[in-house]
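Engineer: A structural model of the following input is requested.
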Amino acid sequence: MTAPILIFDSGVGGLSVVGALRARLPGAALAYVCDNAALPYGTKPDAWLVARIVAACRAAVAASGACALVVACNTASTLALQALRESLTVPVIGTVPAIKPAAQLLRSGVFGLLATSATVSRPYTQRLIGEFATHCTVIRLAADPLVAQAERVLAGRAPDEAVIAASLAPLWEAPDLDTVVLGCTHFPLLRETLAAQAPRDVRWIDSGDAIARRVAQVVTPAPCNMPGAGESWASAPHRPGLARALAEYGFSAPRALSLPDVFSDRA
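Structural biologist: Residues are numbered from 1 along each chain as shown. Here you go, the predicted model:
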């Protein structure tokens, strides 16, 4: 391949997947795009979101010349993956909440799924639970405020401990819970803070390495010194802290991602 792998997310959450990709595919050419003007995705109407995600990814693939698209967003994957595959000619790799490995690894039979409202309630998520975790008790918890906290941390600000504590509190009502699936790619960026809030030892599981393994199966990556590697785009490129967060992961300051005017009233 002579083109970068493009990582897409609503915000900076996909950077947690970038870390996993770089660990498994060191030296691969990567580019990044975020639709942060519409952040958070989990609270938006489904039909509008599908159209928005497809428009954003089409524009970003065209701008980057990407050889493949990694949808590093659980909400986008559970909602729009099929539409993206029908709309794009490059391979599209999605994100699946790590329900299967959690069900295989847990000790007590009880685990939590920490995700956005959209992912928690999506029929796709229920199908995963039905296929892999029928023998488990799964505590599904919508924690949309954690998305903003992850964005805040990567912008160089301290997280709001009270917001995080309130978001996690319902998990601890289950005394046997010993594993938590981080069902939003933003959430691994808060792993240390989440672990510090836990009242007992908990295993935290995310999808980053599984995504990286799948990308390695699908794509032969181009070298990181090729033109276009390290570039980034954003629908709101001048949001405070965004350039700083991207720079920490080796990406240039983001350029504006142009979207159709139909989205301007909701972005």
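Engineer: Quick one: low-confidence residue ranges for the stretch 151-267 of the chain.
Structural biologist: Within the stretch 151-267 of the chain, the stretches with pLDDT under 70 are 221-228, 261-267.
Engineer: Now do the helices in it.
Structural biologist: Counting by DSSP state H, counting those that start in this stretch, the stretch 151-267 of the chain has helices at residues 161-168, 191-197, 208-218, 242-248.
Engineer: Name the residues that touch the longest one?
Structural biologist: I take that to be helix 208-218. 5, 16-17, 19-21, 23-25, 68, 70, 72, 91, 93, 95-96, 98, 101, 185, 188 (C-beta atoms under 8 Å, 6 or more residues apart in numbering). Heads up, the C-betas are built off the backbone N, CA and C, glycines and all.
Engineer: Hmm, residue 46 is touching residue 78, no?
Structural biologist: No: with contacts counted by C-beta atoms under 8 Å, residue 46 stays clear of residue 78, the gap being 10.3 Å.
Engineer: Quick check: phi and psi at residue 68.
Structural biologist: Taking degrees, to the nearest 10, you get phi -160, psi 150 for the backbone angles of residue 68.
Engineer: Pipe the helices of the stretch 151-267 of the chain into a markdown table and attach distance to residue 174 per row.
Structural biologist: Output for these, formatted as a markdown table (distance: least, C-beta to C-beta, whole Å):
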| stretch | distance to residue 174 |
| --- | --- |
| helix 161-168 | 12 |
| helix 191-197 | 15 |
| helix 208-218 | 25 |
| helix 242-248 | 33 |
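Engineer: For stretch 44-63, list every residue counted as buried.
Structural biologist: 44, 49-50, 52-57, 59-61, 63 (16 or more other C-beta atoms under 10 Å).
Engineer: try stretch 153-173
Structural biologist: By neighbour count on 16+ other C-beta under 10 Å, the buried set for stretch 153-173 is 153-154, 159, 164, 167-168, 171.
Engineer: Going along the chain, name the helices of the stretch 1-150 of the chain.
Structural biologist: Under DSSP H, counting those that start in this stretch, the stretch 1-150 of the chain gives helices at 15-24, 46-64, 74-87, 99-105, 117-121, 123-132, 145-154.
Engineer: wait, which of the ones you listed is closest to residue 180?
Structural biologist: Residue 180 lies closest, by C-beta to C-beta, to one member of those: helix 99-105, at 8.1 Å.
Engineer: how close does residue 79 get to residue 89?
Structural biologist: Computed with C-beta to C-beta, to the nearest Å, the distance linking residue 79 and residue 89 is 21 Å.
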